[in-house]
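Peer 1: Quick one, fold the following:
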Amino acid sequence: MAFKLNFFVKIANNLLTLVYTSDINAGSAISLSIFDPTGRSVLNKSLNGTTGRYYIDISELNEGIYFVKAKTLNGTKLDHKLVIIR
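Peer 2: Numbering: from 1, shown residues only. From the prediction side, this is the model:
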């Protein structure tokens, strides 16, 4: 199972751009969560399809370190660190 997740932050417009690819069946969901350093969930989204570009407004998030966790329906997981500096 191949699953890739890349993200890019554009602070000027407060957007987190997620680019993902997966060879799971079309129409399947990828669950995405962002956690603060205390482990509190600050954002949860469901992404549909096997590839895509998704934009998330991060204007409500304070500067700091966050953890991005993605999981496919078959249990494949990816973790990334996100640092927001304005």
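Peer 1: Is L16 in contact with L82, as I believe?
Peer 2: Yes. L16 is in contact with L82 according to CB atoms under 8 Å; the separation is 7.3 Å. Placement of C-beta: from N, CA and C, glycine included.
Peer 1: the more surrounded of those two?
Peer 2: Regarding L16 and L82, a neighbour count based on other CB atoms under 10 Å identifies L16 as having more, with 21 against 16.
Peer 1: For that one, which non-adjacent residue is spatially closest?
Peer 2: In space, L16 comes closest to I56 once its chain neighbours are excluded; the distance is 4.4 Å by CB to CB, 6 or more residues apart in numbering.
Peer 1: Can you give me the distance of that neighbour to D36?
Peer 2: When distances are taken as CB to CB, to the nearest Å, I56 and D36 turn out to be 15 Å apart.
Peer 1: And for A29?
Peer 2: When A29 is compared with D36 (using CB to CB), they lie 24 Å apart.
Peer 1: picking that back up, how many other residues sit next to the residue nearest to L16?
Peer 2: Residues within reach of I56, counting by other CB under 10 Å, total 17.
Peer 1: Tell me the pLDDT of it.
Peer 2: pLDDT for I56: 87.
Peer 1: That one against N14, yeah?
Peer 2: No. Counting by CB under 8 Å, I56 does not reach N14; the two are 9.4 Å apart.
Peer 1: any low-confidence regions in the chain?
Peer 2: 1-3, 8-9, 11-12, 22-28, 49-50 (pLDDT under 70).
Peer 1: Buried residues in stretch 33-43, which are they?
Peer 2: Neighbour counts over stretch 33-43 (16 or more other CB atoms under 10 Å) mark 34-35, 43 as buried.
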